[in-house]
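[1] Dropping a prediction and its sequence here:
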Amino acid sequence: MATTPAPKTYRVKSFGCQMNVYDGERMAELLGAQGIAPAPEGEEADLVVLNTCHIREKAAEKVYSDIGRLKREDGSSPLIAVAGCVAQAEGEEIMARAPAVKMVVGPQAYHRLPEMIAEASAGRRAVDTDMPAQAKFDALPARRKVGPSAFLTVQEGCDKFCTYCVVPYTRGAEISRPFSAIVAEAERLVEAGAKELTLIGQNVNAWTGEDGQGRAVGLDGLVRHLAENPDLARIRYTTSHPNDMTEGLIAAHGEVAKLMPFLHLPVQAGSNRILKAMNRSHTAQSYLEILDRVRAARPDIALSGDFIVGFPGETEEDFAETLSLVAAVGYAQCFSFKYSPRPGTPAATMDGQVAPEVMDERLQRLQAALNASQQAFNQASVGRRCQVLVERKGRHDGQWLGKSPWLQSVHFAGEAAIGDLVEVDMVEAGPNSLSGRLVATATA
Ligand code: 5AD
Ligand code: SF4
């Protein structure tokens, strides 16, 4: 491979979950610290990082078509790095199939990008899919520029081994970042302008650590500590597993005002038979009991979930139990997916794979029920007065877009600026957002 000049500009394209968004931002900061600048809009970058997701179908195919699209008319390409979970799962194969890719870097190794870029510029392709716990965070530069709402990774990986899921293989075992490192990053994010922090992890509520006094604390202890920062207005966390919903965390929802009334708690299915085959280690009933306790602590909590339809062996009766669960919960919003066999996972080789047209039809019915639930939740918010964190300008002149405490998108007109927390009366509900009327600026 020929040598190429060191890249001067970069573009990071992130797919998939919030963790990838966070990783993408950290990679951008890392490249920035190397003196590589973001490529101007519409211009080709010298270095392109494809930060991939492997959780559902067509992830790999999407990567190959993206690589193809980066090709120039003369057949050459910018320096391409494939990062994220597809890199972790299929790194060697990508190297073999796509000569244009010069670097493959897994989610636990991206702090090594600068060395890999030097290698690649010198004509040597580089793969790093090692999974050393923690090394990455220590090696990344400090955070500088953020919007009003920022992600903060506190935990990575998963030990739950749901039978359909690749995460335990691509992100590795559960690790918690140390309390002090998280607190320091939170302080830096707040100094850089963040008003809201979303603590993220594949199993964020499994986070454990030791506080400044050496006491063992869970996510609730971390939330309580972060809430003491006077310049931080809001705290959220995602994604949680029902089994790690501790009493302390549930109580925090009732006691910590800055902890927003929103809980994303995936259930996946409503049939205990299917939940067992998924290795979820909770039942529909135990899940609903958790939600009852959360609601008792914080009556206005907005609930969110993830669902999979068409898991191997799912019958019409099983699916009907999913619909009953949806009706029982009254979700504020949800994500729902067709089951996708992931190579190497136990479910991929189970009997009873469900026909695609059956999955399509079930997904449609489920989404109709979830959309109706979301619409009803939004409708019930009309007449409420709440604080909205302004995140960006709206589509029309003088219009602003922000988030309610319940994570609804709210647009309104009037005097405001990005990063303001403003008081808004919710006046009209649409399926995906609400319109509000500005009351008064609460905090600048
Ligand atoms: N097929 C379909 N959906 C999946 N998810 C995870 N693995 C699969 C799969 N193999 C969904 C789950 C999870 C969300 C992040 O993605 O609902 O909670
Ligand atoms: Fe995947 Fe289950 Fe772990 Fe979530 S809890 S990341 S669905 S294995």
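    Right, received. Where do you want to start? Numbers count the residues shown, from 1 in each chain. Ligands and ions are numbered 1, 2, ... in the order given.
[2] wait, doesn't Tyr237 sit right on Ile200?
    Yes: look at Tyr237 against Ile200 with CB atoms under 8 Å: they come within range, at 7.3 Å. C-betas here are computed from N, CA, C, even on glycine.
[3] who's more crowded, these two?
    It is Tyr237, of Tyr237 and Ile200, that has more neighbours when counted by other CB atoms under 10 Å, with 27 against 21.
[4] residue contacts, that one?
    Counting by CB atoms under 8 Å, 6 or more residues apart in numbering, Tyr237 makes contact with 154, 198-201, 204-205, 219, 223.
[5] likewise Gln353?
    312, 341.
[6] next one: phi and psi at it?
    Reported as degrees, to the nearest 10, the phi and psi values for Gln353 are phi -60, psi 140.
[7] if we can go back for a sec, for the contacts of Tyr237, give me TSV that also has secondary structure and distance to Gly24.
    Shown next, in TSV, are the contacts of Tyr237 (DSSP: H, G, I helix; E, B strand; the rest coil; distance: CB to CB, whole Å):
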residue	secondary structure	distance to Gly24
Val154	coil	17
Thr198	strand	15
Leu199	strand	18
Ile200	strand	13
Gly201	coil	16
Val204	helix	18
Asn205	helix	24
Leu219	helix	24
Val223	helix	25
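[8] could those go into a markdown table alongside distance to ligand 1?
    Shown next, in a markdown table, are those (distance: CB to the nearest ligand atom, whole Å):
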| residue | distance to ligand 1 |
| --- | --- |
| Val154 | 17 |
| Thr198 | 15 |
| Leu199 | 17 |
| Ile200 | 12 |
| Gly201 | 12 |
| Val204 | 13 |
| Asn205 | 14 |
| Leu219 | 18 |
| Val223 | 22 |
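[9] What subset of those is buried?
    154, 198-201, 204-205, 219, 223 (16 or more other CB atoms under 10 Å).
[10] Among those, which one sits closest to Val167?
    Lowest distance from Val167 to the buried ones among the contacts of Tyr237 (CB to CB) belongs to Gly201, with 10.9 Å.
[11] Specify the local secondary structure of Leu288.
    Using DSSP: H, G, I helix; E, B strand; the rest coil, the three-state assignment for Leu288 comes out as helix.
[12] what about it, how many residues close to it?
    17.
[13] what pLDDT does the closest residue to it other than its chain neighbours get?
    The shortest distance from Leu288 to any non-neighbouring residue, by CB to CB, 6 or more residues apart in numbering, is to Ala328 (6.3 Å). pLDDT, Ala328: 98.
[14] secondary structure element for the closest residue to ligand 1 within the chain?
    For the chain, the residue positioned closest to ligand 1 under CB to the nearest ligand atom is Asp306, at a distance of 3.3 Å. If you go by DSSP states H and E, Asp306 is part of strand 302-309.
[15] what touches both of Tyr237 and Ile200?
    Counting by CB under 8 Å, 6+ apart, the residues touching both Tyr237 and Ile200 are Val154.
[16] mind putting the buried ones among the contacts of Tyr237 in CSV, pLDDT and distance to ligand 2 included?
    Below are those laid out as CSV (pLDDT from 0 to 100; distance: CB to the nearest ligand atom, whole Å):
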residue, pLDDT, distance to ligand 2
Val154, 97, 15
Thr198, 97, 17
Leu199, 98, 16
Ile200, 96, 12
Gly201, 96, 10
Val204, 97, 11
Asn205, 97, 11
Leu219, 98, 15
Val223, 98, 20
